[in-house]
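Novice: sharing a sequence plus its predicted fold:
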Amino acid sequence: MARKAIRDVLPASGGIPSQLSTALISSSDDAIVVKSLDGVITTWNPGAVHMYGYTSDEVIGQPMTMLCPPDRHGEIASILAKIRNGERISHYETIRQRKGGATFPASISVSSLTDESGNMIGDRVRHDAGRRRARLLLRP
């Protein structure tokens, strides 16, 4: 039986079907947070629940700044401005804050999301706390 490449199973539009996208987000161990272009959280996966300690009911509709220590709130506006300009952010090293107030190092990657017409509707943030922690542990 021949193997199919992912391009062979995706629709001609090139987009990922919403059911597949939902399955990918919900099964990821990474925290995946989708927010609107004004910084309001719209999607929260199980990885985010584990990393931050908030349930989706607690964060959906809330500002992304709730995940940052107060001295890092300005990062959100800066990141949103870059996304609006079409930039992608890869492995941005920062500090984020859990529900109880504890902070932790995080490496975030942010990319824009568009609707079927190509209009930018928000962005996806991927948080990976393990990458930076591992790098710090490996330092001589």
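Specialist: Noted; the coordinates are in hand.

Novice: secondary structure element holding residue 50?
Specialist: Element membership for residue 50, per DSSP states H and E: helix 46-52.

Novice: tell me which residues of that helix come out buried.
Specialist: Within helix 46-52, the residues that count as buried by 16 or more other CB atoms under 10 Å are 47, 48, 49, 51, 52. Bear in mind the C-beta positions are built from the backbone N, C-alpha and C, glycine included.

Novice: pLDDT score for the first one?
Specialist: The predicted local confidence for residue 47 comes out at a pLDDT of 86.

Novice: cool, the fourth one as well?
Specialist: As predicted, residue 51 sits at a pLDDT of 88.

Novice: what's opposite the spatially closest residue to it that is not a sequence neighbour in the beta bridge?
Specialist: Nearest in space to residue 51, with sequence neighbours left out and distances taken as CB to CB, 6 or more residues apart in numbering, is residue 31 at 4.2 Å. Applying DSSP bridges to residue 31 gives these bridge partners: residue 127.

Novice: what about residue 96, which SS state?
Specialist: strand (DSSP: H, G, I helix; E, B strand; the rest coil).

Novice: what do you get for the one 4 residues further on?
Specialist: Using three-state DSSP, the structure places residue 100 in coil.

Novice: for it, what are its contacts?
Specialist: residue 53 (CB atoms under 8 Å, 6 or more residues apart in numbering).

Novice: buried residues, the lengthiest strand in the chain. List them.
Specialist: With DSSP state E setting the assignment, residue counts place strand 103-114 as the longest strand in the chain. Residues 105, 106, 107, 108, 110, 112, 113 are the ones in strand 103-114 that count as buried (16+ other CB under 10 Å).

Novice: repeat for stretch 65-85
Specialist: Under 16+ other CB under 10 Å, the buried positions of stretch 65-85 are 65, 67, 68, 75, 76, 79, 80, 82, 83.

Novice: list of residues touching it?
Specialist: For stretch 65-85, the external contacting residues (CB under 8 Å, 6+ apart) are 33, 37-39, 52, 59, 63-64, 89, 92, 94-97, 103, 110-112, 120, 123.
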